[in-house]
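*Asks:* I would like to see how this sequence folds:
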Amino acid sequence: MCQTKIQFVEAVNKLLNSEKGAITKSEMKAMVAYLGEVTQVFTDTDMNDSQKAQTACGVAISPVQAAKCFEETIRTQMFAQGVAKAISDKLTAAIKPIRILYAGTGPYATLLLPLLAASTEQLPLEITLLDIHKENIAAVEALITHFGLEGYHIELVHGDATQWRPKSEQQYFDIIISETMTALLKREPQVFIFKHLVQYLQADGVLIPERVSLRTWLTPQSKQAGPDVFVGEFFCLDKSRAQALNKGDEASFCSELTIPEGDWAEHVVKLTTDILVYRQLSLHEGDCSLNIAFTFSPYDAVLTSNKPIVFKYVQLDSPDFSVVFPKPEWKQANFELPQSSDTGALGLVQIKRAFQRAYLIKRGERVVTPEQEWQGELCLYDALSLNAREIMSKMYEFERFSDFETWLLERVGPLDKEQLTAVNQQCLEKITDVAL
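*Replies:* Numbers count the residues shown, from 1 in each chain. Below you'll find the model as predicted:
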């Protein structure tokens, strides 16, 4: 626990100088607890007691949510080190004073104030700290006083970073920092903050993060099917892209990626977020919540070779990408499906027929399911306390019916003869409307 200012500074120095992932969760929680005592913004506060703010271009998360971000060890470590390195590089280039704009500080100004608190000398910085929440501004002001940072030229501004303008149109910054995003640049206004603020960046200025790359992969549903296949990058946010957006060129908001040649029956589409914070400092899948991958259900994405996947960034009040997959080129199956009454090793009706139907559909063949049959199938799943979506996903995942039945047995457990008869009868009655 960081009980003193000295202990907190020691923890910050470790954060700034250790290898990626070398900081423990308990160390991060101790730092957060210390900042909470100073600011009175605690991460264990009920989320309903801390309100988000809505901008025209996305949601500004609540002060408590922003404070919780500090607890993500690798995320905070890479961003804090990136800011420190960017400042160091500007000082090496003899740029003094370094003008920094930090948009969306949260209550702790995580990426800058701890660095200043731990510095053994006062750096030649002119700093603008901007946030949409008055509570955050008050908390940051408390930290400036607590760490004795009044000697810095720091301007605190309450405002919306997607709209804010400096007092002087000639005011330009050497470094603009904003970490106002989620995975896949959904919901929060990161894109629109950089789109707006980049006009106030020096020609040789730096945006942090330097690059956010959204990528598409074809990923196997089983480890035996091989590694992920990279399809391409469908969106990138960096300095040049932000400048183009600022000038009204929104072409990057729409893109297409072509599904490569191959049999992708055992693969699904995965979207990832890779973040280059600064220079070699980066975040990738599995590092933190910003890098959570999104995988589409095989029912939502039928993969057809040499056909495009279309991406479009839709702003509204909650930014997100719409993803449109190619329509399946159906082939009429000549294969005759098993009867609904046909059973496998488990003795369950309809399951064998449903599995074979899924097998054909994922290979691009057209199989029509009558409404009565579908209702009977749902009745069967309900009777077994199974989720229909999960079942269908597993039918797509397994290539062999025996493997699917093995999974199903683990899921529902063995059924006695009486249970089996009752479940089968309910299903078939729905399908045939004839009591057995």
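*Asks:* pLDDT value on the closest residue to Pro227 other than its chain neighbours, please?
*Replies:* Closest residue to Pro227 apart from its sequence neighbours, by CB to CB, 6 or more residues apart in numbering: Pro220 at 7.7 Å. Any C-beta I mention is one placed from the backbone N, CA and C, and that applies to glycine too. We have a pLDDT of 89 for Pro220.
*Asks:* Repeat that for the one 3 residues further on.
*Replies:* Per-residue confidence (pLDDT) for Lys223: 68.
*Asks:* ok, the residue nearest to Pro227 touching Glu266?
*Replies:* Yes - here Pro220 reaches Glu266: they are 5.7 Å apart, a contact under CB atoms under 8 Å.
*Asks:* and the residue nearest to Pro227, how many residues sit next to it?
*Replies:* 16 (other CB atoms under 10 Å).
*Asks:* Same question for Ser62.
*Replies:* Using other CB under 10 Å: Ser62 sits among 23 other residues.
*Asks:* I figured it hits Gln51, correct?
*Replies:* Yes - contact status for Ser62 versus Gln51: in contact at 5.6 Å, counting by CB under 8 Å.
*Asks:* Give me the residue ranges of the stretch 301-436 of the chain where confidence is low.
*Replies:* The model of the stretch 301-436 of the chain has pLDDT under 70 over residues 328-334, 363-364, 433-436.
*Asks:* Please repeat the previous calculation with a cut-off of 80.
*Replies:* Within the stretch 301-436 of the chain, the segments meeting pLDDT under 80 span 302, 316, 327-336, 361-369, 399, 433-436.
*Asks:* could you pull out the helices for it?
*Replies:* Shown for the stretch 301-436 of the chain, the helices assigned by DSSP state H, counting those that start in this stretch span residues 351-361, 371-383, 388-397, 401-412, 417-432.
*Asks:* Asn291 versus the residue positioned nearest the centre of the chain, what's the distance?
*Replies:* Of all residues in the chain, the one closest to the mean position by CA atoms, centre = their mean is Ala183, 2.0 Å from it. As judged by CB to CB, to the nearest Å, Ala183 and Asn291 stand 6 Å apart.
*Asks:* Overlap of the contact sets of the two?
*Replies:* Listed as contacting both Ala183 and Asn291 by CB atoms under 8 Å, 6 or more residues apart in numbering are Thr273.
*Asks:* next one: phi and psi at the residue nearest to Pro227?
*Replies:* For Pro220, the backbone dihedrals (degrees, to the nearest 10) come out as phi -70, psi 150.
*Asks:* distance of it from Trp374?
*Replies:* Using CB to CB, we find Pro220 at a distance of 29 Å from Trp374.
*Asks:* and the closest residue to Arg357 other than its chain neighbours, what is it in contact with?
*Replies:* Spatial nearest neighbour of Arg357, excluding adjacent residues (CB to CB, 6+ apart): Val367 at 5.0 Å. By CB under 8 Å, 6+ apart, the contact set of Val367 is 333, 337, 357, 360-361.
*Asks:* Thr128 is in what secondary structure piece?
*Replies:* strand 125-131 (DSSP states H and E).
*Asks:* Give the next helix or strand downstream of that strand.
*Replies:* The C-terminal neighbour of strand 125-131 among helices and strands, as given by DSSP H and E, is helix 134-146.
*Asks:* what's next to that following helix, contact-wise?
*Replies:* If you take CB under 8 Å, 6+ apart as the criterion, helix 134-146 is touched by 5, 35, 38-41, 50, 63, 66, 105-109, 113, 117, 129, 131, 149-150, 152, 154, 156-158.
*Asks:* of these, buried ones?
*Replies:* 35, 38-39, 41, 50, 63, 66, 105-109, 113, 117, 129, 131, 149, 152, 154, 156-157 (16 or more other CB atoms under 10 Å).
*Asks:* tell me the angle of the top strand by length along the chain relative to helix 388-397?
*Replies:* Looking across the chain with DSSP state E, the single longest strand is strand 267-278. Using axes from the mean of the first three to the mean of the last three CA atoms, to 10 degrees, the direction of strand 267-278 lies 100 degrees away from that of helix 388-397.
*Asks:* mean confidence score for strand 267-278?
*Replies:* Strand 267-278 carries an average pLDDT of 96.
*Asks:* Could I have the CA atoms of that strand written out in PDB?
*Replies:* Listed next in PDB are the C-alpha coordinates belonging to strand 267-278 (Å, rounded to 0.1, in the frame of the first residue of the first chain):
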ATOM      1  CA  HIS A 267     -13.000 -20.600 -39.500                       C
ATOM      2  CA  VAL A 268     -14.800 -17.500 -38.100                       C
ATOM      3  CA  VAL A 269     -14.100 -13.800 -38.500                       C
ATOM      4  CA  LYS A 270     -12.100 -12.100 -35.700                       C
ATOM      5  CA  LEU A 271     -11.600  -8.300 -35.400                       C
ATOM      6  CA  THR A 272      -8.600  -7.000 -33.300                       C
ATOM      7  CA  THR A 273      -7.300  -3.700 -32.000                       C
ATOM      8  CA  ASP A 274      -3.600  -3.100 -32.000                       C
ATOM      9  CA  ILE A 275      -2.300   0.100 -30.500                       C
ATOM     10  CA  LEU A 276       1.100   1.700 -31.100                       C
ATOM     11  CA  VAL A 277       1.400   4.100 -28.100                       C
ATOM     12  CA  TYR A 278       4.800   5.600 -29.000                       C
END
